[in-house]
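Undergrad: Sequence and predicted model, in that order:
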Amino acid sequence: MTLPEQLRRQAERLRARTRGDDDDEVPAAGSAAGPEPSRGAAAPVVAPTPPVNEINVHVEDKNSVYDQAVPDGLHVAAAWGWRVIVVAALVALVAYVLAYISEVTIPLLVAVLLTALLLPVTKRLHAWGVNRGLATAITVLGGLAVIAGVLYLIVSSIVSQASTLGTNVTTGFNRLADWLQNGPLHVSATYFNADEWVTRITDWVRTSQDTITTYAGEITSSVGHFVAGFALALFALSYFLHNGREIFAFVMRFFPRRSRARVDSAAQNGWHSLSSYVRATILVALADGVGVLIAALILGVPAAPALATLVFIGAFVPIVGGFVSGFVAVGVALVALGWVKALIMLGAIIAVVEIEGHVLQPFLMGRAVKLHPLAVLLAIAIGIILGGIIGALFAVPLLAFAKTFVQHLSDEVPDPSSNKVAR
C-alpha cells in the first residue's frame, strides 16, 4: 500500500471515531437509563471530548505535472495525430477489402453510376402510370438496346472500311519506313524486311509456348470475370432502380437514431450531385465524340465513328481522358493521311478539350457539383495508383458525392431542444 493511501485511511478512521464520540448522548433525567437523581444532588459532569484536528491529505498527480510541461500546441497535434492515424488505418482497411473483392465492388459501382443516370427515366415512366417493375424493365432493356446499337455501328463502320484502312496503313507504314531509312536517322533496312520479321515472330512463338499459354489462360479468365461482372451489374441495376430507396433505408439502420436524419439529408444531396455529375459527363463526352467525329469526317480519317466512340468513352475521365484517347485518332491520321492532316487532327482535339474544360463543364455541372481542377487531377492520379483505369473512372464521381455529402453535413447545426437540424 502506498503512503498516500495509508494517510487517507488514517484520516478516515479519525473522522469516524470523532463522529462516534459526538453521537454518544448523556441519559436524560427521568429516563429508563437510570434512577432520577435527587434534587439536592449535583448533576454528573461529563468531561468534554478534546477536538481532533482534521488532517488534509494532498496527493499530487505526477501526470498532471508532466502534462503542464508539454506545450498546448503539442497537445493539439497529438490529439489530431492519433485520430488521423486511426482514420487513415480505417480507410486503408476499407480500401484493401474493396480491392480484395473487386469482382463484386466494381460491378456494384457501375450499377450505382448507371442508376444515377437512368433513375429519372424510371421515375418519369412511373409518373405516367407505368407499373414500377415494368418501368424498371423498360429502362434496363432500353439501355441495353442503346449500347448494342452503338456497338453495332462501331463494328459495322470498322468492317466497311477495313480494306481502305488496311491500304492506308500499309501506305503510311511504307512512307514512314522510307523516311527512317533515307532521312536523318539512317535506320538500317533490315529492320523493315518483312521476311526477317516473320522469322523473328515465328521463333518467338516457338520458344514462348508457356508464356502464350499463360496469357491465353489469363485472357479467358478475364473474359469470364467480365461476363460475371456484367450480369451482377445488370441485376444490381434492376434492384437499385426498382427499390433503391428501401435498400438505402436498411443501410441507414447502421447509424445512430439521432444522426439518421442528418445523414439521410446529406446523402440525398450527395446523390443529387452525383446524378447531375453523371448526366453532365454524358453530355460532355457526347459533345467531345461529336466534335472529333466531325473533324475526322472532314479530314477523311478512316473509321471515324469508331475513333469518335473511343473519345466518347475516354471523356468519362475529366480533363485528361478525351485528350489521351484523341491521340489514337491522331495516330490513325498520321499513318493513313500524313503528318499535315495529323497535326490538323491534333489541333481539333485540343480545341474540343478546351471547349470541354472552359465552356461545357462549368455550364452543365453548375455550382452544385463544382470541383476544382486541381482536386480533379489529384483524384484521377490517386485513382490510377489505387485501381488503374477503373480507379480513374470512379475517382471523380466519388469525389463529387463525397464533396457534397461532407459539405452538407458540416453546414448543418443540430438543435438539441427539438432534435432537429437548423441551417
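TA: Cool, the structure landed.
Undergrad: quick one: the helices in the stretch 201-350 of the chain?
TA: 209-251, 257-299, 304-314, 321-337, 339-355 (DSSP state H, counting those that start in this stretch).
Undergrad: And the last one, what's buried?
TA: So the one you mean is helix 339-355. For helix 339-355, the buried set under the neighbour-count rule, 16 or more other Cβ atoms under 10 Å, comprises 341-342, 344-346, 348-349, 352-353. Any C-beta I mention is one placed from the backbone N, CA and C, and that applies to glycine too.
Undergrad: follow-up on the earlier one: any chance of the helices of the stretch 201-350 of the chain in JSON lines, with mean pLDDT and distance to Glu103 too?
TA: As requested, the helices of the stretch 201-350 of the chain are exported to JSON lines (pLDDT from 0 to 100; distance: least, Cβ to Cβ, whole Å):
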{"stretch": "helix 209-251", "mean pLDDT": "86", "distance to Glu103": "6"}
{"stretch": "helix 257-299", "mean pLDDT": "87", "distance to Glu103": "23"}
{"stretch": "helix 304-314", "mean pLDDT": "85", "distance to Glu103": "22"}
{"stretch": "helix 321-337", "mean pLDDT": "83", "distance to Glu103": "24"}
{"stretch": "helix 339-355", "mean pLDDT": "87", "distance to Glu103": "34"}
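Undergrad: who wins for proximity to Val94 among the ones you listed?
TA: Across the helices of the stretch 201-350 of the chain, the minimum distance to Val94, taken as Cβ to Cβ, is reached by helix 209-251, at 15.0 Å.
Undergrad: which secondary structure elements does that closest one contact?
TA: Applying 3 or more Cβ pairs under 8 Å, 6 or more residues apart in numbering; DSSP states H and E, we find helix 209-251 packed against helix 102-127, helix 132-160.
Undergrad: can I get the CA coordinates of the helix or strand following the longest one in CSV?
TA: Sequence-wise, the next helix or strand beyond helix 132-160 is helix 162-182, with elements assigned using DSSP states H and E. Provided in CSV are the C-alpha atoms of helix 162-182 (Å, rounded to 0.1, in the frame of the first residue of the first chain):
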residue,chain,number,x,y,z
ALA,A,162,-11.4,-2.4,-93.2
SER,A,163,-9.9,-2.7,-96.8
THR,A,164,-9.5,1.1,-97.1
LEU,A,165,-7.9,1.3,-93.6
GLY,A,166,-5.6,-1.6,-94.4
THR,A,167,-4.4,0.0,-97.6
ASN,A,168,-3.9,3.4,-95.9
VAL,A,169,-2.0,1.8,-93.0
THR,A,170,0.3,-0.1,-95.4
THR,A,171,0.9,3.1,-97.5
GLY,A,172,1.6,5.1,-94.4
PHE,A,173,4.0,2.4,-93.0
ASN,A,174,5.9,2.4,-96.2
ARG,A,175,6.3,6.1,-96.1
LEU,A,176,7.5,6.0,-92.5
ALA,A,177,10.0,3.3,-93.3
ASP,A,178,11.3,5.2,-96.3
TRP,A,179,11.8,8.3,-94.2
LEU,A,180,13.5,6.4,-91.4
GLN,A,181,15.9,4.8,-94.0
ASN,A,182,16.6,7.8,-96.1
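Undergrad: elements contacting helix 162-182?
TA: If you count contacts as 3+ Cβ pairs under 8 Å, 6+ apart, helix 162-182 packs onto helix 321-337.
Undergrad: just the helices and strands packed on helix 209-251: most buried one?
TA: Mean neighbour count, computed with mean count of other Cβ atoms under 10 Å, is highest for helix 102-127 among those, reaching a mean of 18.
Undergrad: Kindly report the domain assignment for the protein.
TA: Per automatic domain parsing, the structural domains of the chain span 104-254, 256-423.
Undergrad: Reformat the ones you listed into a markdown table and put distance to Val94 next to each item.
TA: Conversion of the domains of the chain to a markdown table gives the following (distance: least, Cβ to Cβ, whole Å):
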| stretch | distance to Val94 |
| --- | --- |
| domain 104-254 | 10 |
| domain 256-423 | 12 |
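Undergrad: if we can go back for a sec, max pairwise distance over the buried residues of helix 339-355: which two?
TA: Farthest apart among the buried residues of helix 339-355 by Cβ to Cβ are Lys341 and Val353. That separation is 18.8 Å.
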